[in-house]
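Student: Below are the sequence and a predicted model for it; my questions follow.
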Amino acid sequence: MLQSKLFTKTTKTLPKDETSFNAQTLIKAGFIDKLAAGIYTFLPLGLKVHNNICDIIREEMDNIGGQEILMPALTPRDIWQATDRWENFDVLFKLIGADKKEYALGATHEEVISPLAKKYIFSYKDLPVYIYQIQTKFRNELRAKAGLMRGREFSMKDLYSFHGSEEDLEKYYKDVQKAYFKIFKRCGLLDKTYLTYAAGGAFSKYSHEFQTLTEAGEDTVYICDDCRIAINQEIIKEQNVCPNCGKDKFRKEKAVEVGNIFKLGTRFSKPFNFQYTDGEGNKKDVIMGCYGLGPSRVMGTIVEALHDDKGIIWPEEIAPFRVHLISLKQNKQADKIYNDLQKSNIEVLYDDREETSAGEKFADADLIGCPYRIIISEKTLAKNSVEVKKRNSDKCELIKIDKIVKLFN
RNA sequence: CGGGGUAUAGUAUAAUGGUAGUACGCGCGCUUCGGGAGCGCGUAACCCCGGUUCAAUUCCGGGUACCCCGACCA
């Protein structure tokens, strides 16, 4: 991508009506734009990051047998009444159609997937099955806050699993935990993310959350560094002893819930009379699990967790571009390097702007946060080289021009 | 939903009961060119409705929007 043609520009001034770091920085760098409270446009840079996160999630979901579908965001009232959530689920956005029928914008999709799965699952031979989607969710929050961390419209990967027994659900539940940690590792959040015991809400006594430590988080958790587990403050009182290892090393931290997994049991299969036939011909309720993970919230969390005072430090797999190529004076060599890298399928943002000063280009590169910066100037050209610097390091390396493509292969 | 705050060019801000200023941005010109360059010229704004007043961006009332604290948060 030629930076001179990029739809967005960076700005020097901060939007005054945003105080959260993730929103300030993402807006300043041109990744997102705010339309209204808790409602954001994903601009070219931001959409690339969001898509990269979604791609990682897809890969890891597919690895544990997930099959992707896409359910509607617009849902009729009767499915919510079947589960008694039309009146009792406060964050539902409700609307009235031209036919005077009532609808809700999907806040979660148990009410859609359960009757859907019922159409195809009849026998124990059809189980287990794992279905997921990545979709925009709508929640009518009384107060949106903290940029991408709590929006009224946000993206969510929601996976639903269907089983013939609790044991089978338990086994898959563990598989999902492992897959989630792989996702957080690839998102650069692994060392700050803890499997957390939390309240189960309306479905069960407990659930598991994935909490990433950051001051921007809304939750407070107690963590044990030895066991790598955490407990959400919502289910315990002040505590300094880890229930797992018994050591009094519990410490209290602010964290953001980046994922949440539930054993739904028969909470949704019962109201929809969703049953299967076992090997002996008996009808049994299908056992369900659900597993949420929000790409847009993960994006905000990465910004909160991985930055310095100059800007964002994207992990390699997440960055909008792998390489930010900066030419300090327009020249044919820079164009050639850009074309060569592109031909080798290396994603490059090429700062080809002719009337922009070196300092501004460097500042933009730091702010946007691509993992590698390549500088080509008269100085480096004199040595038939370019300068390569990683975003998370101060060290520069001179690389011969004919070796540059190889370096990134 | 309770409490608090804010609303002026594209952005960030200043002042003012009577001509709305600055910086950045943007456009043109010249000089610059390795950490957000300099000079000159130009462009561009008072959230909405009502009240008080000779006159309201300013004061008052109402609305709307945004932000913060809390509550809420599958």
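Tutor: Done, it's in.
Student: Which residue, other than its chain neighbours, is closest to residue A:21?
Tutor: The spatially closest residue to residue A:21, leaving aside those adjacent along the chain, is residue A:304, at 5.8 Å (Cβ to Cβ, 6 or more residues apart in numbering). All C-beta atoms are positioned from the backbone trio N, CA, C, and that covers glycine.
Student: Would you mind measuring from residue A:302 to residue A:103?
Tutor: Distance, residue A:302 to residue A:103, using Cβ to Cβ, to the nearest Å: 34 Å.
Student: More neighbours: which of these two?
Tutor: residue A:302 (26 against 19; other Cβ atoms under 10 Å).
Student: Chain A: helices as residue ranges?
Tutor: With DSSP state H, the ranges of helices along chain A come out as A:21-28, A:44-63, A:77-82, A:110-118, A:166-186, A:295-305, A:332-343, A:358-368, A:378-381, A:404-407.
Student: Show me chain A divided up by domain.
Tutor: Per the record, chain A has its domains at A:3-308, A:323-407, by automatic domain parsing.
Student: Throw these into TSV and include mean pLDDT, thanks.
Tutor: Converted to TSV, those look like this (pLDDT from 0 to 100):
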stretch	mean pLDDT
domain A:3-308	92
domain A:323-407	94
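Student: For residue A:317, which of those domains is the nearest?
Tutor: For those, the distance to residue A:317 is smallest for domain A:3-308, at 5.2 Å, taking Cβ to Cβ.
Student: Show me how far the closest one is from its chain's centre.
Tutor: In terms of Cα atoms, centre = their mean, to the nearest Å, the centre of domain A:3-308 is found 9 Å from the chain centre.
Student: rewinding a little: contacting residues for the residue nearest to residue A:21?
Tutor: Residue A:304 makes contact with A:21-22, A:149, A:214-216, A:256 under the criterion Cβ atoms under 8 Å, 6 or more residues apart in numbering.
Student: filter the residues you listed down to the ones near RNA strand B?
Tutor: Among the contacts of residue A:304, no residue lies close to RNA strand B (Cβ under 7 Å from any atom of the strand).
Student: Next, the contact list for the nearest residue to residue A:236 once chain neighbours are set aside, please.
Tutor: Nearest residue to residue A:236, sequence neighbours excluded (Cβ to Cβ, 6+ apart): residue A:222, at 6.9 Å. Residues counted as contacts of residue A:222 (Cβ under 8 Å, 6+ apart) are A:230-231, A:233, A:236, A:239-240, A:250-253.
Student: who in the stretch 1-150 of chain A is up against RNA strand B?
Tutor: Counting by Cβ under 7 Å from any atom of the strand, the positions of the stretch 1-150 of chain A adjacent to RNA strand B are A:9-20, A:28, A:34, A:36-38, A:89-91, A:107-108, A:139, A:141-146, A:150.
Student: Can you flag which of these belong to strands?
Tutor: Members of those lying in strands (criterion: DSSP state E): A:34, A:36.
Student: Filter the residues of the stretch 1-150 of chain A next to RNA strand B down to the buried ones.
Tutor: Buried members of these, scored by 16 or more other Cβ atoms under 10 Å, are A:10, A:18, A:20, A:28, A:34, A:38, A:89, A:107-108, A:139, A:144, A:146, A:150.
Student: now for these, which pair is the farthest apart?
Tutor: Distances among those were taken as Cβ to Cβ; the most separated pair is A:10 and A:89, at 40.3 Å.
Student: thinking again about what came up before, dump the domains of chain A into JSON lines; add distance to residue A:315 as well.
Tutor: Formatted as JSON lines, the domains of chain A follow (distance: least, Cβ to Cβ, whole Å):
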{"stretch": "domain A:3-308", "distance to residue A:315": "3"}
{"stretch": "domain A:323-407", "distance to residue A:315": "8"}
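Student: longest strand anywhere in chain A?
Tutor: Every strand in chain A considered (DSSP E), the longest is strand A:251-265.
Student: Helix A:21-28 and that one, what's the angle between them?
Tutor: 90 degrees (axes from the mean of the first three to the mean of the last three Cα atoms, to 10 degrees).
Student: Residue A:61: neighbour count?
Tutor: Neighbours of residue A:61 using other Cβ under 10 Å come to 25.
Student: ugh, wrong one, I meant residue A:72
Tutor: There are 12 residues near residue A:72, going by other Cβ under 10 Å.
Student: picking up where we left off before, tell me the one among the contacts of residue A:304 nearest to residue A:171.
Tutor: residue A:256 (28.5 Å).
Student: from what I can see residue A:106 touches residue A:71, true?
Tutor: Yes - using Cβ atoms under 8 Å, residue A:106 is in contact with residue A:71, at 7.1 Å.
Student: neighbour-wise, which of the two wins?
Tutor: Shown here are residue A:106 and residue A:71; by other Cβ under 10 Å, residue A:106 has more neighbours (23 against 15).
Student: where's the more buried one relative to residue A:113, distance?
Tutor: From residue A:106 to residue A:113 the distance is 11 Å (Cβ to Cβ).
Student: what sits in contact with each of those two?
Tutor: Taking Cβ under 8 Å, 6+ apart as the contact rule, the neighbours common to residue A:106 and residue A:113 are residue A:71.
Student: Please name the residues that touch residue A:244.
Tutor: Residue A:244 is in contact with A:224, A:227, A:229, counting by Cβ under 8 Å, 6+ apart.
Student: next one: residue A:384
Tutor: A:400-401.
Student: How about residue A:284?
Tutor: A:164, A:275-278.
Student: That one bridge partners, please.
Tutor: Beta bridges link residue A:284 to residue A:276, judged by DSSP bridges.
Student: Quickly note the distance from the residue lying farthest from the centre of chain A to residue A:362.
Tutor: Most distant residue from the mean C-alpha position of chain A: residue A:382, 43.7 Å away (Cα atoms, centre = their mean). Using Cβ to Cβ, residue A:382 is found at 20 Å from residue A:362.
Student: Likewise for residue A:112?
Tutor: For residue A:112 relative to residue A:362 (Cβ to Cβ), the value is 49 Å.
Student: joint contacts of residue A:106 and residue A:71?
Tutor: With Cβ under 8 Å, 6+ apart, residue A:106 and residue A:71 have common neighbours A:112, A:135.
Student: and the nearest residue to residue A:211 once chain neighbours are set aside, how many neighbours does it have?
Tutor: Once flanking residues are discounted, residue A:211 sits nearest to residue A:255: 3.8 Å by Cβ to Cβ, 6+ apart. Counted by other Cβ under 10 Å, the residues lying close to residue A:255 total 28.
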